[in-house]
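Trainee: no sequence for this one, just the structure:
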DNA sequence: CGTTAGGATGAGAAGCATTATCAACAAGCT
DNA sequence: AGCTTGTTGATAATGCTTCTCATCCTAACG
């Protein structure tokens, strides 16, 4: 996820993207969110908010932000890419509610170490890993089990 | 992945799928493989092998097998579903080569425990998790780094 | 401050994986 | 053998993501 997987040789000049209103709109929209969203969801949110950014551009900008490590990317159960601006830039993982999308950032140094050690044991290099936990958060759990018929 | 997320009430009779030649073909094809494949890849492999199973059916059968926990499913970096018949039926994870697709099955009781504890701490229920490690295996690593210019 | 070059955008088409549809077929049972 | 019902195959449909290209706008320059 966050870790840079872009071994771009330090040769070409850093092509900084231009500051356009669309880029700002996407950035603002991400700032108002605490949960992961798909590109399409973010696009609709911006449309509802008055900002008009085309879907194609939304895809482009989110991808660009992800490449630069400015947002976290992971995949939901359906294989769709979901994005979120995370508060911590360090490597971390998530505990996600399958129902409402609520996300909790978690850190697990022990897991990091385990992953690195396991990979090394098998001789793997250029390693990265995905560790995500999906479940039902307390609120959704309470809401969806109001009456349990026998 | 493997864990059954199908809280199907124990009421309906167990609808065992019929033994058709297509199902057998998919099973055989999976047995000859040691690595994860996409549905499309498996479909082409079977076609090359003389077995003619339609693409739609391949999708159906793989999904069915996955539902029954007979094969492992996970997502590659592109979000595509990839399948593999695993030797151990217990819950486990994988160390995957990004280059050649080689997969190593790994077990991590400590990680399981950590995931369960973390979820419980935040009050999450119906929890499952994904833990996959991607990297470059020793062989690919050696092959792609023949000469290291200073 | 006006001009300019090239990256960025928008709208729609295109690409691709996956799923749905539905008539024809065949596995398993009596 | 005959019947019932789950399966299959071919194709259409769906939906996410990427590509194309004419137009627009940012950033830099004169």
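Mentor: That came through fine. Predicted model only: the values in this text are computed from it and were never measured.

Trainee: check contacts around the closest residue to residue A:72 other than its chain neighbours.
Mentor: Computed as C-beta to C-beta, 6 or more residues apart in numbering or on different chains, the closest residue to residue A:72 that is not its neighbour in sequence is residue A:86, at 4.7 Å. C-beta here means a position set from N, CA and C on the backbone, and glycine is covered the same way. Residues in contact with residue A:86 (C-beta atoms under 8 Å, 6 or more residues apart in numbering or on different chains) are A:2, A:71-72, A:92, A:105.

Trainee: so which residues on chain A come close to DNA strand C?
Mentor: Taking C-beta under 7 Å from any atom of the strand as the measure of proximity, chain A contacts DNA strand C at A:15, A:17-18, A:20, A:22-23, A:52-57, A:60-61, A:79.

Trainee: mind putting the contacts of residue A:86 into CSV with neighbour count, distance to DNA strand D and secondary structure?
Mentor: Formatted as CSV, the contacts of residue A:86 follow (neighbours: other C-beta atoms under 10 Å in any protein chain shown; distance: C-beta to the nearest atom of the strand, whole Å; DSSP: H, G, I helix; E, B strand; the rest coil):
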residue, neighbour count, distance to DNA strand D, secondary structure
A:2, 19, 18, coil
A:71, 22, 14, coil
A:72, 22, 15, strand
A:92, 17, 22, coil
A:105, 14, 22, strand
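
Trainee: interface residues of chain A facing DNA strand D?
Mentor: Going by C-beta under 7 Å from any atom of the strand, the residues of chain A near DNA strand D are A:18-21, A:38-40, A:55-56, A:59, A:63, A:80-81.

Trainee: closest one of the residues you listed to residue B:28?
Mentor: Comparing those against residue B:28 with C-beta to C-beta places residue A:80 closest, at 32.3 Å.

Trainee: which phi and psi values does residue A:111 adopt?
Mentor: Phi and psi for residue A:111, reported as degrees, to the nearest 10, are phi -70, psi -40.

Trainee: ok, it touching residue A:133?
Mentor: No - contact criterion C-beta atoms under 8 Å: residue A:111 and residue A:133 do not qualify, at 10.8 Å.
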